[in-house]
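Chemist: fold the following.
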Amino acid sequence: MIKKFFKKTKNNLQAGFSLLEMIMVLAIFSVLTAVVTYNYGAFNNQMTLTNLAYEMAMQIREAQVYSLGVRSSNNTFENHYGVYFKAGSSAFISFIDKEPSDGLCDNASGCPLVCTGDTECKEKISLPRNMIIDDVLVNGVSAGNNSVFITFKRPDTEAIIMNGGSPVNSGKIEVIIKSPDNQYKKIVVKQNGYISVESDTTTH
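Modeler: Residues are numbered from 1 along each chain as shown. Reported below is the predicted structural model:
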């Protein structure tokens, strides 16, 4: 009886994983962890990119609403509001187009880059997580100077689009943003004031 008990115990102690089995389990676990981590990173970038696109669209909508609502700035109600985008930049500008209104963020060269108190710049908004403005298109073609000013002036809901210092009289603007892993979204602004966020499937 005692011999049987010790024999059974010895057999139980010998049961378990071999070294080869343990290595295989660890290898499988490592591969699964790597796949999940990679996919989470791509998903996280996609979510950040989508949220950023809607935030940029909201900034344009805000400029439209402020202009139509005659929002006061420095006790004057004649100002107009706009947004400035430049290809290759990791930030964009929200600005107040003060009277006399020209559809630009003055000083046109300093405001987008510096955003100091002596310009019409309202806020410089940085893009998160190494996102960039990949391109700015005017009616499907890269904008001259790679930049656009989008301004709204009451009582119209229509967008005043300035490509550099030249007005765009018809069509639409597409601001394309890119994540570090080459995912794309675009913000579309039509001259009639329609603003939307779309997936960008164009090869860049």
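
Chemist: in what helix or strand does V35 lie?
Modeler: If you go by DSSP states H and E, V35 is part of helix 19-68.

Chemist: gap between M58 and L52?
Modeler: 11 Å (Cβ to Cβ, to the nearest Å). For glycine as for every other residue, the C-beta is placed from the backbone atoms N, C-alpha and C.

Chemist: give the residue from those two that has the larger number of neighbours.
Modeler: L52 (20 against 14; other Cβ atoms under 10 Å).

Chemist: which one is that one nearest to, not counting chain neighbours?
Modeler: Of all residues not flanking L52 in the chain, M131 sits nearest, at 5.8 Å (Cβ to Cβ, 6 or more residues apart in numbering).

Chemist: how much space between that neighbour and V36?
Modeler: The separation that M131 has from V36, given Cβ to Cβ, amounts to 23 Å.

Chemist: which one's more surrounded, those two?
Modeler: Using other Cβ under 10 Å as the criterion, M131 and V36 rank with M131 on top: 20 against 10.

Chemist: how about the more buried one, phi and psi?
Modeler: Main-chain dihedrals, M131, degrees, to the nearest 10: phi -70, psi 150.

Chemist: show me the contacts for it.
Modeler: Contacts for M131 were tallied using Cβ atoms under 8 Å, 6 or more residues apart in numbering; they are T48, L49, L52, S90, I177, K178, S179, P180.

Chemist: ok, 6 Å please
Modeler: L52, I177, S179 (Cβ atoms under 6 Å, 6 or more residues apart in numbering).
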